[in-house]
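Below is the sequence, then the predicted model.
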Amino acid sequence: MNNLKLVIENAAETDMLSIAEYIAQDNKTAAANILKVFYETYNNLTAYPELGLLRPDFTHKNLGFIQ
């Protein structure tokens, strides 16, 4: 486990909130759940930064993707 600090950039937070607001138009519970998933995923990445699968078929960058 790492001691990395979670930093969510303003643009990312704005995008997350926009997604939740869009979902909330139809389902407020689902909107709250997606925000929970976003934050849990970010927290998991700070604890385990190598989490995720590399997708060379999708990008040449060394990025891990989480399903």
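Arrived safely, thanks for sending.

hey, let's count contacts and neighbours off CA atoms from now on
OK.

what about residue 20, how many neighbours?
When neighbours are counted by other C-alpha atoms under 10 Å, residue 20 registers 20.

Setting the sequence-adjacent residues aside, check what's closest to residue 52.
Spatial nearest neighbour of residue 52, chain neighbours left out: residue 64 (4.3 Å); criterion: C-alpha to C-alpha, 6 or more residues apart in numbering.

Show me which helix runs longest in the chain.
When the chain is parsed with DSSP state H, its longest helix is helix 28-47.

how far does that one sit from the chain's center?
7 Å (C-alpha atoms, centre = their mean, to the nearest Å).

Check which helices and strands it is in contact with.
helix 10-24 (3 or more C-alpha pairs under 8 Å, 6 or more residues apart in numbering; DSSP states H and E).

by how many degrees do the helix it packs on and helix 28-47 diverge?
150 degrees (axes from the mean of the first three to the mean of the last three C-alpha atoms, to 10 degrees).

how many neighbours does the residue nearest to residue 52 have?
Using other C-alpha under 10 Å, residue 64 is surrounded by 13 other residues.

Low-confidence ranges, this structure, go.
Along the chain, the parts satisfying pLDDT under 70 run over 1-3.
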